[in-house]
Structures are given as structure tokens and as C-alpha cells.
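Enquirer: show me how the following folds:
(one chain, ligands or ions: 1)
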Amino acid sequence: MKIVILTGAGISAESGISTFRDSNGLWEKHPIEDVATPEAFVRNPALVHRFYNLRRLALKDVEPNPAHFALARLQQALHASGGSLTLVTQNVDNLHTRGGSASPIHMHGELTSIRCTHCNAREYFEDETSVDTRCQNCGERAMRPNIVWFGEMPFAMQSIETAIAACDLFVSIGTSGAVYPAAGFVHMASSLGKDTLEINLEPSEGSAAFNESRLGKAGELVPLWVDEIIKGLKRPL
Ligand code: OAD
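Expert: Modelled structure (predicted):
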């Protein structure tokens, strides 16, 4: 069985990371346009560096929750049965990796990575950046957070679309379905005749497009759903 899962801020909410829509368009009290656009970085790079430094440091105070761990368990079980799980996340935290998932696709970038605006080299990074941080590849002082800001193209779109085209089931967990292109994945999956499931606290904006919606907390519903899938994999043919 091949499954593609898209996760959003709701899967990390029970780990203590605040979601976007629940904070009235503010991200940790900052208007998005002050910290999450290319224009903001040109206008005030020091503020943008400081903002992402704080988000990156805050990762040290949070832990993966049962939903993250369950998806890692599912990935291993699918792999062992000859199938696959492609995990796509809109989240910039590192909780899927710390929960044991292999190779999550961070379509909106990740906090633990920075990128050179001069040579485009990317580096794993856990500390604080500033306008003076030098690129380890070319030596320029030209580093930016490796985050997809509003107005920029998400990463790995081609691989994600290929995985959706090849999957049996598309699942969306903890996302409001308000931000495209991620919000369009369910429409692509259903137009190709794929089975689709949403797990969210409340119906998302795209809820009507899913074959099934399960409403409640990801930390409770995801482990139960994963148990169901794994049981089905073990059933004799
Ligand atoms: P949102 O904040 O838009 O949506 C979070 C969703 O999770 C909401 O529908 C909540 O009801 C749901 N939710 C909250 N707690 C939950 C829980 N414990 N269990 C299950 N669901 C829960 O976050 P995203 O959809 O991830 O983009 O936002 C998408 C993108 O918009 C983000 O990646 C970011 C943002 O602006 C960029 O940074 C480019």
C-alpha cells in the first residue's frame, strides 16, 4: 500500500507549538508580512533573523507527540510490507524527524536549515544566525532562513505530485486547507480517483473534497488510525 500524508500545524499543536489560523494571522505576535515575506527580509533582515532564531531555539523545549511517533511506526510497517509512506509537511519544526520518520518533505522549508542567497548552498543549523553569518561554502555573509516565505515557490512540488499520482490513499492531518498549493493536493488526489482521508480538530476549508473526515485531536486519532492500517496490512490475503 502506498500512502501520501500531508501534515500541518495541527499535528504539532499538542507538542506546544502554536498554529497559524488560531493566532489571528499573527505568528508568535508578529504580523506575517513583517517576518515571513522576502520583502520583510530585505527591509529588516536583523528582525527576520531574530524571529527565526527564537523559533529555532524554541524547538529545544518541545517534544514529538503520539501523532508524530505513530506516523514513524506506520512508515516502518508500510516499508516492511513492500509499500511506502511519503510524508509531506508544511511545518518548519523538526518533530517528524525527532519522532522517527525518515525523510519528511519540508515543502515550506525548515528551521534547522539555512541557505546562502549568494551560492544557494544549504546547511544544517541549530544555533543563531545574523546578517554576519558566513556561508560555509562560498564565505559570503549572505545567509537566510531556509523557509519558504509568502510569495515564494514551495519545495519539491514535482516529487510530491509524482507521489500523489502513484498512491492508494492521500491523508491530510492538522491543516486548515487555507494555503495553496498544499490545499490543492486533495483535489489532485480525488480527481485521480484516490481514496482520501482528513484528520483534523474541525472540518478544514477543503473538507468536502475528502471521502472521509475524522474530527478530533491528532495525538489521539492518528495512533488509532495507524493501528487500523497496520492491522489491515497483516491480514492474510
Ligand atoms: P493552520 O494554523 O492554518 O491550521 C491548523 C489546523 O489544525 C486547523 O484547522 C486546526 O483546527 C487544526 N488543529 C489544531 N489543533 C489540532 C490538534 N490537536 N489535532 C488536529 N488538528 C488540530 O496551519 P496550517 O494548515 O499548517 O505557511 O497552515 C498552512 C500554512 O500557512 C503554514 O505552513 C504556513 C501558514 O501561513 C508558511 O509559512 C508558508
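
Enquirer: low-confidence ranges, the protein, go.
Expert: 23-26, 234-237 (pLDDT under 70).

Enquirer: stretch 166-184: end-to-end distance?
Expert: 17 Å (Cα to Cα, to the nearest Å).

Enquirer: near the ligand, anything from it?
Expert: Yes - against the ligand, stretch 166-184 shows contacts by Cβ under 6 Å from any ligand atom at G174, T175, S176, A178, V179. Using the backbone N, CA and C atoms, a C-beta is placed for each residue, glycine as well.

Enquirer: where's the fourth one relative to H96, distance?
Expert: Using Cβ to Cβ, to the nearest Å, we find A178 at a distance of 21 Å from H96.

Enquirer: neighbour count: those two, which is higher?
Expert: Per other Cβ atoms under 10 Å, whichever of A178 and H96 has more neighbours is H96, with 29 against 13.

Enquirer: give me the neighbour count for the closest residue to that one other than its chain neighbours.
Expert: Closest residue to H96 apart from its sequence neighbours, by Cβ to Cβ, 6 or more residues apart in numbering: P104 at 4.2 Å. For P104, the count of nearby residues is 24 (other Cβ under 10 Å).

Enquirer: what sits against H96?
Expert: With contacts taken as Cβ atoms under 8 Å, 6 or more residues apart in numbering, H96 has the following neighbours: T7, P64, H68, L71, A72, L87, T89, P104.

Enquirer: okay if I get these as a markdown table plus secondary structure and distance to K231?
Expert: Listed next are those as a markdown table, based on DSSP: H, G, I helix; E, B strand; the rest coil; distance: Cβ to Cβ, whole Å:
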| residue | secondary structure | distance to K231 |
| --- | --- | --- |
| T7 | strand | 22 |
| P64 | coil | 23 |
| H68 | helix | 21 |
| L71 | helix | 16 |
| A72 | helix | 17 |
| L87 | strand | 20 |
| T89 | strand | 25 |
| P104 | coil | 24 |
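
Enquirer: buried ones in the longest helix seen in the chain?
Expert: Ordering each helix of the chain by length in residues (DSSP state H) puts helix 218-234 first. Judged by neighbour count (16 or more other Cβ atoms under 10 Å), helix 218-234 contains these buried residues: A218, G219, L221, V222, P223, W225, V226, I229, I230.

Enquirer: stretch 133-144 too?
Expert: Within stretch 133-144, judged by 16+ other Cβ under 10 Å, the buried ones are T133, C135, A142, M143, R144.

Enquirer: which one of the residues of stretch 166-184 next to the ligand is nearest G109?
Expert: Taking Cβ to Cβ as the measure, G109 lies nearest V179 of those, at 13.5 Å.

Enquirer: so is the longest strand along the chain next to the ligand?
Expert: Using DSSP state E to define each element, the chain has its longest strand at strand 109-116. No - judged by Cβ under 6 Å from any ligand atom, strand 109-116 and the ligand are separated, with a smallest distance of 7.9 Å.

Enquirer: what pairs with that strand, and is each one parallel or antiparallel?
Expert: As defined by DSSP bridges, the strand partners of strand 109-116 come to strand 122-124 (antiparallel), strand 143-147 (antiparallel).
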